[in-house]
Structure formats: C-alpha cells, structure tokens
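1. Generate coordinates for the sequence data below:
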Amino acid sequence: MKQTGFSLIELIIAMAIIGILAVIAYPSYKTHLEQARRSDGQTALLDLANRLDHYFSENNQYAGATLAELGVSPRSTEGYYALAIASLEDNAFRIQAIPIGAQQEDACGTLSLNQLGERGFSGKNTELKHCW
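-> From the prediction side, this is the model:
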C-alpha cells in the first residue's frame with residue numbers, strides 16, 4: 001500500500017511562498033483601505049460645506065453656524081473621521097475632517113476645505129491629488 005501526501009519539506013516551501021506573498025500584498029491592501037476610508041471624510045466635508053452654503057444663503061453669513069444647527073453628525077457616516085468647524089467668519093469658513101481610529105495612520109492626516117472649495121491636508125503625504 002503506497003501512502004500519498006505532502007512531505008515536511010513541501011509544506012515548509014508552500015508556507016514560505018504564502019508568507020512572501022502576504023508580505024508583498026499587505027502594504028498594497030493597507031493603502032487601498034486608507035484610500036477607501038478617506039472618501040468617507042471627503043464626502044462628509046463636501047456635505048458639510050453644502051450645508052454651510054445653504055446656511056449662508058439664509059443668514060447672509062457663516063458665523064453662528066454649528067454642526068448641530070446644520071443637522072450634521074460630529075462623525076462621518078462610516079465613523080473614520082471626526083468633523084470640526086475650524087473657523088467661521090461672516091464670509092469665510094474652514095472645516096476639517098480629523099482621522100480617528102485606524103484611519104489615524106493615513107499619510108494625508110486631517111483633511112480641510114474652505115468656502116472657496118480649496119482643499120488641504122495636514123499629513124506627510126506630499127501630493128494633494130493623492131489626498132483629495
């Protein structure tokens with residue numbers, strides 16, 4: 001009777017190959033996850049900016065607006081960002097999406113937007129097009 005199966009050497013080689021593939025694939029997967037989560041913060045900022053513009057059209061100023069008054073949750077829809085109104089003036093605003101939880105490791109850091117639609121970030125990433 002002939003026994004079939006894998007030898008210990010074959011199993012070790014298969015495990016080594018799987019390990020190498022995992023080491024190569026994980027950074028790419030992590031970057032993809034951060035980008036997908038970043039869209040949560042971007043969407044939340046754009047929604048908040050639209051609500052601030054609506055507030056401005058009714059009150060002729062941005063000053064005085066709050067997240068609660070605008071009907072905006074202090075967290076993004078998926079919960080990866082905390083929303084904040086960084087500054088409010090009569091004719092200007094700057095809002096931020098601050099990463100929380102696992103998203104804090106994102107190289108783009110805090111995302112920001114102002115009344116002119118100018119986008120910014122505070123992280124160590126060097127290119128705006130990758131963050132917005």
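
2. what's the helix or strand for the residue nearest to the spatial centre of the chain?
-> Centroid-nearest residue in the chain, with CA atoms, centre = their mean: R38, separated by 2.2 Å. Assigned by DSSP states H and E, R38 belongs to helix 8-59.

3. how far is stretch 45-52 from where the chain is centred?
-> 16 Å (CA atoms, centre = their mean, to the nearest Å).

4. right, I mislabeled it, should have said stretch 53-70
-> How far stretch 53-70 lies from its chain's middle: 25 Å, per CA atoms, centre = their mean.

5. Can you mark which positions in that stretch are buried?
-> For stretch 53-70, the neighbour count (16 or more other CB atoms under 10 Å) marks Y55, F56, Y62, A65, L70 as buried. Every C-beta, even on glycine, is put in place using the N, C-alpha and C of the backbone.

6. Could you save these as JSON lines and add columns showing distance to A14?
-> Below are those laid out as JSON lines (distance: CB to CB, whole Å):
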{"residue": "Y55", "distance to A14": "61"}
{"residue": "F56", "distance to A14": "62"}
{"residue": "Y62", "distance to A14": "61"}
{"residue": "A65", "distance to A14": "60"}
{"residue": "L70", "distance to A14": "56"}
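
7. What about Y80, how many residues nearby?
-> Look at Y80: counted by other CB atoms under 10 Å, it has 23 neighbours.

8. Where does I98 sit: helix, strand or coil?
-> Assigned state for I98: strand (three-state reduction, DSSP: H, G, I helix; E, B strand; the rest coil).

9. next one: C108
-> Taking three-state DSSP, the label given to C108 is coil.
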